[in-house]
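A.B. asks: Quick one, structure for this:
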Amino acid sequence: MRKSLKLKIDLVPKTCWYSSLYRNMKRHEWDKLRNQVYYEAGHVCQICGAKGKLNCHEVWEYDDKKFIQKLKGFIALCSICHNVKHFGFSGILAAKVQLDLEVIINHFCKVNNVSRKVFSTHKTQVFNVWRERSKHQWKADLDKWSDIVAPKTT
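C.D. replies: All right, here's what the predicted structure looks like:
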């Protein structure tokens with residue numbers, strides 16, 4: 001039995017792109033929230049322990065029967081772990097020569113102590129789920145964070 005991965009690719013269905021909490025909050029509210037996440041994480045990446053610039057990553061759970069995307073919380077990530085999580089977007093950046101995918105893949109393998117083959121298998125599985133989820137419209141459940149979303153302007 002293969003051990004579970006500490007660092008995983010975490011793709012958001014295409015039909016949910018640009019609907020993150022970050023994009024729907026006032027900037028000062030987002031800054032307050034992300035700084036709290038960094039503080040609670042001890043200002044280190046919660047996956048690999050790296051220090052330095054951090055990213056606040058939204059953690060979503062998907063109900064594949066009711067098509068509900070539920071916000072579960074946040075995690076402080078270094079840039080490389082964040083690029084693994086958003087591997088699809090990382091591929092776009094790599095195509096524009098703005099990112100080296102080898103660095104991202106090697107980090108995944110090192111953090112998880114796995115081979116390149118394990119990475120490839122994981123990537124294939126995650127993209128298969130992403131393609132299926134991207135066929136549907138999802139309802140976002142922001143849970144306890146719904147009250148800090150910026151009101152829609154018409």
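
A.B. asks: for Glu61, what are its contacts?
C.D. replies: Gln69, Lys70, Lys72 (Cβ atoms under 8 Å, 6 or more residues apart in numbering). Where you see a C-beta, it was placed from the backbone N, CA and C, and this is true even at glycine.

A.B. asks: Give me the PyMOL select line for these, limited to the buried ones.
C.D. replies: Remark: buried members of the contacts of Glu61, expressed as a PyMOL selection using 16 or more other Cβ atoms under 10 Å:
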select buried, resi 69+70
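
A.B. asks: where does this structure have low pLDDT?
C.D. replies: 1-3, 18-19, 149-154 (pLDDT under 70).

A.B. asks: Spell out the residue ranges of the strands in it.
C.D. replies: Here the chain has its strands, by DSSP state E, at 54-63, 68-78, 139-141.

A.B. asks: who's in contact with stretch 87-101?
C.D. replies: If you take Cβ under 8 Å, 6+ apart as the criterion, stretch 87-101 is touched by Ile9, Leu11, Asn83, Val84, Ile104, Lys123, Val126, Phe127, Trp130.

A.B. asks: contacting residues for the residue nearest the centre of the chain?
C.D. replies: For the chain, the residue nearest the mean C-alpha position is Lys85 (4.5 Å; Cα atoms, centre = their mean). Counting by Cβ under 8 Å, 6+ apart, Lys85 makes contact with Leu7, Lys8, Ile9, Asp10, His57, Leu77.

A.B. asks: same question, His122
C.D. replies: Residues in contact with His122 (Cβ under 8 Å, 6+ apart) are Leu5, Lys8, Ile9, Phe108.

A.B. asks: Could you verify my assumption that Trp115 touches Phe108?
C.D. replies: Residue 115: Ser, not Trp. No. Using Cβ atoms under 8 Å, Ser115 makes no contact with Phe108, being 10.7 Å away.

A.B. asks: Most neighbours among the contacts of His122, which one?
C.D. replies: Phe108 (25 neighbours; other Cβ atoms under 10 Å).

A.B. asks: Who are the contact partners of it?
C.D. replies: Leu7, Ile9, Val84, Val114, Phe119, His122 are the contacts of Phe108 under Cβ under 8 Å, 6+ apart.

A.B. asks: Fine by me, we can end here.
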